[in-house]
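>>> missing the sequence, but the structure's below:
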């Protein structure tokens, strides 16, 4: 596979953490789950202080891996991420993502930046923005329902796992963005 069709994902738990902390264990669990669900060229791995990275066959699977990580850590930690064609571009995108949430005129919760060879990837950056906004508005139960469906559970099984009825789960997924995230997962 040529270099142009690859993407690097770089991420950071906002604020970092101490080595050996509960948050480090949670991040490693999120990365393991993402590696199991999304094919990689180089699996996601945690580095120091809440940073992580991996390599994919393109930006679409990188976006999906990031979605898994953010759903898994929802309510525990904010994650900033950059996706680019190579490690330096992904690092620059991560820096941009870290600045976005505090910039005037940008949506609250927008913590992902995507660039492709030759410049910014406007279409994929927009997908990332809308995913980030949906995640920002979700609560932990919504995130757990959505993640369970991404893993192949039925709505009934996902609802049972979070302690609500199937009808309540369907309403939550419809109104809080879970079904939209599932559709975007299938389309990118």
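Alright, I've got the coordinates. These numbers were taken from a predicted model, which means no experiment stands behind them.

>>> what pLDDT does the model give residue 120?
With respect to pLDDT, residue 120 has a value of 54.

>>> ditto for residue 1
Confidence score, pLDDT, at residue 1: 42.

>>> from here on, call the first residue 35.
Okay, residue one is now 35; in that scheme the one you just asked about reads as residue 35.

>>> remind me what the helix or strand hosting residue 101 packs against, helices and strands.
Assigned by DSSP states H and E, residue 101 belongs to helix 93-107. Secondary-structure packing of helix 93-107 (3 or more Cβ pairs under 8 Å, 6 or more residues apart in numbering; DSSP states H and E): strand 41-47, helix 56-71, strand 85-90, strand 113-118, strand 146-150, helix 156-171, helix 174-184, helix 212-221. For every residue, glycine as well, the C-beta is placed using N, CA and C.

>>> could you tell me the angle between that helix and strand 85-90?
Calculated by axes from the mean of the first three to the mean of the last three Cα atoms, to 10 degrees, helix 93-107 forms an angle of 140 degrees with strand 85-90.

>>> residues of helix 93-107 that come out buried?
93-107 (16 or more other Cβ atoms under 10 Å).

>>> any idea of the mean pLDDT in stretch 126-135?
For stretch 126-135, mean pLDDT is 84.

>>> with stretch 39-51 instead?
Stretch 39-51 comes out at a mean pLDDT of 88.

>>> identify all contacting residues around it.
Applying Cβ atoms under 8 Å, 6 or more residues apart in numbering, the contact partners of stretch 39-51 are 57-58, 61, 75, 78, 83-93, 95-96, 99-100, 103, 107, 111-121, 123-125, 127-128, 132, 145.

>>> which of those residues are buried?
57-58, 61, 75, 78, 84-90, 92-93, 95-96, 99-100, 103, 107, 111-119, 123-125, 127-128, 132, 145.

>>> where's residue 51 relative to residue 88, distance?
From residue 51 across to residue 88, the span is 19 Å (Cβ to Cβ, to the nearest Å).

>>> turn the helices and strands packed on helix 93-107 into JSON lines, including distance to residue 202.
Listed next are those as JSON lines, based on distance: least, Cβ to Cβ, whole Å:
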{"stretch": "strand 41-47", "distance to residue 202": "31"}
{"stretch": "helix 56-71", "distance to residue 202": "25"}
{"stretch": "strand 85-90", "distance to residue 202": "34"}
{"stretch": "strand 113-118", "distance to residue 202": "27"}
{"stretch": "strand 146-150", "distance to residue 202": "30"}
{"stretch": "helix 156-171", "distance to residue 202": "18"}
{"stretch": "helix 174-184", "distance to residue 202": "10"}
{"stretch": "helix 212-221", "distance to residue 202": "12"}
